[in-house]
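# How does the following fold in three dimensions:
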Amino acid sequence: MLFYENKSNKDNKEEEDKSRMMISVAITKLLIKFPMDMFLFEFQKVLSKICRLLKKRKLEVRENGRKSLCQIAKIVGPEMLYAIVL
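A predicted model of the protein is given here:
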């Protein structure tokens, strides 16, 4: 019984990771409308959360993280590439 609960807990965490990545893309779209200094401050937080998800062992989570990071790079454009690389 305990094993079953842990497995469902893992499934919930994977679903939570997927939703976090989708939310990070939406948050980035909102942050674009903020002043530049506020954008950079908050954008670094979003990127650090995505980077933490890229460290996960599950391949599916990492693939979704890479896709989200690519979408975010398209949203912010080439002029903000330095913020992603840092």
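
# Which element, helix or strand, includes the residue nearest to residue 60 when sequence neighbours are not counted?
Using Cβ to Cβ, 6 or more residues apart in numbering and skipping residues adjacent in sequence, the residue nearest residue 60 is residue 14, 7.3 Å away. In this view, the C-beta of every residue, glycine as well, is placed from N, C-alpha and C. Here residue 14 sits within helix 2-31, counting by DSSP states H and E.

# quick check: mean pLDDT across that helix?
Here helix 2-31 scores 76 as its mean pLDDT.

# Show me what secondary structure element comes after that helix.
Counting by DSSP H and E, the next helix or strand C-terminal to helix 2-31 is helix 36-54.

# helices and strands around that next one, which ones?
Judged by 3 or more Cβ pairs under 8 Å, 6 or more residues apart in numbering; DSSP states H and E, helix 36-54 is in contact with helix 2-31, helix 59-76, helix 81-85.

# Only the C-alpha atoms, please, for stretch 69-86, written as CSV.
Presented in CSV, the C-alpha positions along stretch 69-86 are these (Å, rounded to 0.1, in the frame of the first residue of the first chain):
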residue,chain,number,x,y,z
LEU,A,69,12.8,27.2,-22.7
CYS,A,70,12.7,27.4,-26.5
GLN,A,71,9.2,28.9,-26.3
ILE,A,72,10.4,31.5,-23.8
ALA,A,73,13.4,32.3,-26.0
LYS,A,74,11.1,33.0,-28.9
ILE,A,75,8.9,35.2,-26.7
VAL,A,76,11.6,37.4,-25.4
GLY,A,77,13.5,37.5,-28.7
PRO,A,78,17.2,37.7,-29.5
GLU,A,79,17.8,41.0,-27.6
MET,A,80,17.1,39.2,-24.3
LEU,A,81,19.2,36.1,-25.1
TYR,A,82,21.9,37.3,-22.7
ALA,A,83,19.3,37.0,-19.8
ILE,A,84,18.7,33.3,-20.7
VAL,A,85,22.4,32.5,-21.1
LEU,A,86,23.4,34.1,-17.8
